[in-house]
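Trainee: How does the following fold in three dimensions:
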Amino acid sequence: DVLMLLAIGMGLAVPATGMAIMNNAPAERAGIASATMNALRQAGMSLGIALLGSLMGQRAVQQFSASAQAAGQQRLVAQARELILHPGSMHTTPQVLAWYRSAMASGFGWAMAAAGALALLVAVGMYRQRAPALWCGGHPCSGWGSADSLSFSACGGSTLDSTPSGSSGPTAWASAGGTA
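Mentor: Predicted structure coming up:
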């Protein structure tokens with residue numbers, strides 16, 4: 001079921017993104033980071049529902065119109081938008097109800113395909129923007145963070161570098177037993 005997959009995906013993504021943001025925020029700014037994350041999440045969900053709902057409705061109207069036109073029901077073609085947006089006004093013959101269900105399923109499929117494609121694009125963009133490996137006093141750090149952080153607990157207060165001390169980057173680390 002599509003809704004089950006959606007619920008599983010949200011259950012995995014929401015806590016993970018929250019932890020990633022909170023782990024990268026300095027302790028003195030944890031409240032600001034949490035509030036900003038929640039506000040952006042709510043705004044994003046509202047905007048996403050509006051945009052995907054519009055896409056779903058538009059596709060459902062197109063599909064319903066095509067079904068009615070193929071059956072020669074010009075009156076229903078002219079009323080397709082109203083019937084999709086206000087199904088209570090629909091003439092509930094079994095054929096019209098089948099067209100309605102098919103149109104709504106098609107619209108939902110298009111909306112979920114668009115959401116999946118957008119999520120994939122965001123994931124690729126985030127992967128390409130990931131921070132380079134950090135170095136703490138000549139050895140790789142074991143935590144998350146960025147090279148411009150003022151404090152990094154995994155380094156025990158060591159200076160953060162983007163390359164190991166006295167080396168030219170990942171090649172030197174690989175020759176010392178790491179992987180490039």
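Trainee: residue ranges for the helices of the chain, please.
Mentor: Residue ranges of the helices in the chain, as given by DSSP state H, are 2-24, 30-70, 74-78, 80-85, 94-128, 170-175.
Trainee: Show me what the shortest one is packed against.
Mentor: In other words, helix 74-78. Here helix 74-78 touches helix 30-70, going by 3 or more CB pairs under 8 Å, 6 or more residues apart in numbering; DSSP states H and E. Yep, even glycine has a C-beta here, placed from its N, CA and C like the rest.
Trainee: Okay, angle between the helix it packs on and helix 2-24 too, please.
Mentor: 160 degrees (axes from the mean of the first three to the mean of the last three CA atoms, to 10 degrees).
Trainee: Show me where this protein dips below the pLDDT cut-off.
Mentor: Scanning the chain for pLDDT under 70 picks out 131-180.
Trainee: Could you say which of the helices of the chain is packed most deeply?
Mentor: Ranked by mean neighbour count, the helices of the chain are led by helix 80-85 with a mean of 18 (mean count of other CB atoms under 10 Å).
Trainee: From the contact counts, what lies against that helix?
Mentor: helix 30-70, helix 94-128.
Trainee: ok, so what distance separates the residue nearest the centre of the chain from residue 52?
Mentor: Geometric centre of the chain, nearest residue: residue 119, 4.2 Å, by CA atoms, centre = their mean. Using CB to CB, to the nearest Å, we find residue 119 at a distance of 12 Å from residue 52.
Trainee: next one: residue 8
Mentor: Distance from residue 8 to residue 52, by CB to CB: 18 Å.
Trainee: now do residue 63
Mentor: Between residue 63 and residue 52 the computed distance is 16 Å (CB to CB).
Trainee: ditto for residue 23
Mentor: According to CB to CB, residue 23 stands 30 Å off from residue 52.
Trainee: Likewise for residue 1?
Mentor: According to CB to CB, residue 1 stands 18 Å off from residue 52.
Trainee: Residue 123 too?
Mentor: 18 Å.
Trainee: Now do the contacts for residue 95.
Mentor: The contact partners of residue 95, by CB atoms under 8 Å, 6 or more residues apart in numbering, come to residue 71.
Trainee: Now do it against residue 105, distance only.
Mentor: Residue 95 sits 16 Å away from residue 105, going by CB to CB.
Trainee: which residue packs closest to residue 110, ignoring adjacent ones?
Mentor: residue 59 (4.4 Å; CB to CB, 6 or more residues apart in numbering).
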